[in-house]
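Asks: what's the 3D shape of this:
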Amino acid sequence: MIQRQNHIETFQMKWIFLALVLILRNQLLQAESPVKLILDTDMSGDADDAGTLAMLHTLMDLDECDLLAIVTNRKDLTNASAAAVDAINTYYGRPDIPIGTDKAGPTALKRASEYTSALRDHFPNDIGPDDQAPDALAVYRKTLKSQPDQSVVICSVGAFSNLATLCREDLALVKTKVRHLIVMGGQIPPKKTPEVNIASHIQAARYVAASWPGKIYWQGFRVGHPVMTGNKLKQTPKSNPVRSAYELRHFGARFAINGGQPSYDQAAAYFAVRGFLPELWKEQKGGRVLIDKNGFCSYKKDPKAKHILVTRSCPPARLAKLIEALMIAPPKAAEER
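Replies: Sure, this is the predicted structure:
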């Protein structure tokens, strides 16, 4: 009887060990596989949105990222945000990445971009005007439904309008398909005025902060503000639409390419693909981001919440060097031609 019991226990231990091995193997494979990413960007204001897309294309060339789709989240008065995205995708040899646009647009801070119409008019693209492009929600739905459960990372680097609509309309889809959300937005402790991505659509930002069902990593304004990139785009060809975006977008009294501009969005997207690295980042857990009716953010203790604050643990110059090297790398598609 004792021998039989020992045999059963040994058999059970073997199965437990095998199960643990399989779990670790799956985790390792997941960690080594490209990050499945959807970029939600306000491709119209600062040139860091263009720089972010350049960086992500290089990470795709390195097999670290699989950029599934791109949606724009701030209705630009030039009606050319999608065309700018398409021009950059085409330059990097990926003209068929799905693109969706936010037709209603945020409730505040509407503007005419300094660079999107130029990218539309002077670089190859074929998506057409924003108001005739596929809808952002439709692109989200189609993309998420086609992916394995808990496999997709969303990186938001603009207004929260698309995210709020997705959360309202398809909460079950978000719960099933999204691994986590990375947000560039807000600032804790707050600035004297609400951070732009929050202020663009305060109601949407509040809804996402309160209702998003999964884990959210928050990067505030100060993470990327001193991380200056873009100056080295001068080393890239004139045929590079990202270079053009930095040549046309002002940063203060000068153009962004003459000295660079803050890397708000690149910092968030870099974290989205390469994850937590203690030499670059710090994380604060165990709380929830709250956004008041005026758009100011705070972080309150809440053991049940899934909000994680991400800040830099490295000097700005170190992160800038890593980001800019990816921004200026030549497209793999060009090397193969």
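
Asks: for residue 290, helix, strand, or coil?
Replies: Following DSSP: H, G, I helix; E, B strand; the rest coil, we place residue 290 in the strand state.

Asks: now the one 5 residues further on
Replies: When the structure is split into helix, strand and coil by three-state DSSP, residue 295 lands in coil.

Asks: which residues touch the residue lying closest to it once chain neighbours are set aside?
Replies: Using CB to CB, 6 or more residues apart in numbering and skipping residues adjacent in sequence, the residue nearest residue 295 is residue 194, 3.1 Å away. (C-beta placed from N, C-alpha, C; glycine too.) Residue 194 sits next to 202, 294-296 when contact means CB atoms under 8 Å, 6 or more residues apart in numbering.

Asks: quick one: residue 194 and residue 215, what's the gap?
Replies: 24 Å (CB to CB, to the nearest Å).

Asks: with residue 291 instead?
Replies: On the measure of CB to CB, residue 291 and residue 215 end up 17 Å apart.

Asks: now residue 183
Replies: From residue 183 to residue 215 the distance is 11 Å (CB to CB).

Asks: compare the two (neighbour count), which wins?
Replies: Set side by side, residue 183 and residue 215 show more neighbours around residue 183, with 29 against 15, by other CB atoms under 10 Å.

Asks: just to be sure, the more buried one is in a strand?
Replies: Yes - assessed by three-state DSSP, residue 183 belongs to a strand.

Asks: hang on, it packs against residue 265?
Replies: No - checked against CB atoms under 8 Å, the pair residue 183 and residue 265 is beyond contact range at 10.8 Å.

Asks: related to what we said a few turns ago, list phi and psi for the residue nearest to residue 295.
Replies: When read as degrees, to the nearest 10, the backbone of residue 194 gives phi -60, psi 140.

Asks: what does residue 72 give?
Replies: phi -100, psi 140.

Asks: run a quick neighbour tally on it.
Replies: By other CB under 10 Å, neighbour count at residue 72 equals 30.

Asks: which parts of the protein are helices?
Replies: For the chain, the helices defined by DSSP state H cover 2-32, 48-61, 81-91, 116-122, 136-145, 161-169, 171-177, 196-199, 202-211, 221-224, 241-248, 264-274, 316-328, 332-336.

Asks: lowest-confidence stretch among the ones you listed?
Replies: The minimum mean pLDDT among the helices of the chain belongs to helix 2-32 (a mean of 46).
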